[in-house]
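A.B. asks: curious how this folds, go ahead:
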Amino acid sequence: MDKSKRPFLKSKLSFRRRLPPIQSGDQISYRNMSLISRFISEQGKILSRRVNRLTLKQQRLITMAIKQARILSLLPFINNEKQFERAELTDRTTGLRTRMKRVYS
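C.D. replies: Below is the predicted model:
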């Protein structure tokens, strides 16, 4: 075949295969905090399979381990750092509003 007749064939480029996030020797358990913390977002949410690049079985085990760790208070249910920042911002704005009312009254 001529090159002009096969325009949509991809060239055979080499690509680097990504390493799996869970090695064969890693134990998926609620006690393994270094492993579990890799699969939780900054907000405390469990990341999806697509983001984690896990198999279905591994994702189920990770989810169960995270939930057990949360129940046993090894992990927080949500990350409260964002809530504290919002509370500080609202305090500042309400303080500003009361100051503005005093000035214009």
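A.B. asks: if we look at stretch 60-67, which residues are touching it?
C.D. replies: Defining contact as Cβ atoms under 8 Å, 6 or more residues apart in numbering, one finds that stretch 60-67 is touched by Ile28, Ser29, Tyr30, Asn32, Ile36, Phe39, Ile40, Ile46, Asn52, Leu54, Leu75. The way it works is simple: take the backbone N, C-alpha and C, and place the C-beta from them, glycine included.
A.B. asks: same list (those) but as a markdown table, adding secondary structure and neighbour count.
C.D. replies: Conversion of the contacts of stretch 60-67 to a markdown table gives the following (DSSP: H, G, I helix; E, B strand; the rest coil; neighbours: other Cβ atoms under 10 Å):
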| residue | secondary structure | neighbour count |
| --- | --- | --- |
| Ile28 | coil | 17 |
| Ser29 | coil | 14 |
| Tyr30 | coil | 17 |
| Asn32 | coil | 13 |
| Ile36 | helix | 21 |
| Phe39 | helix | 23 |
| Ile40 | strand | 18 |
| Ile46 | strand | 17 |
| Asn52 | helix | 16 |
| Leu54 | coil | 21 |
| Leu75 | coil | 19 |
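A.B. asks: ok, which pair from these is furthest apart?
C.D. replies: The distance between the two most remote of the contacts of stretch 60-67 (Cβ to Cβ) is 18.1 Å, for Leu54 and Leu75.
A.B. asks: any idea how far Leu35 is from Asn80?
C.D. replies: Remark: distance between Leu35 and Asn80 (Cβ to Cβ, to the nearest Å) = 23 Å.
A.B. asks: between those two, who's got more neighbours?
C.D. replies: Neighbours per residue (other Cβ atoms under 10 Å) separate Leu35 from Asn80, with Leu35 holding more: 17 against 11.
A.B. asks: the more buried one sits in which helix or strand?
C.D. replies: Using DSSP states H and E, Leu35 sits in helix 33-36.
A.B. asks: mean confidence (pLDDT) on that helix, please.
C.D. replies: Taken as a whole, helix 33-36 carries a mean pLDDT of 92.
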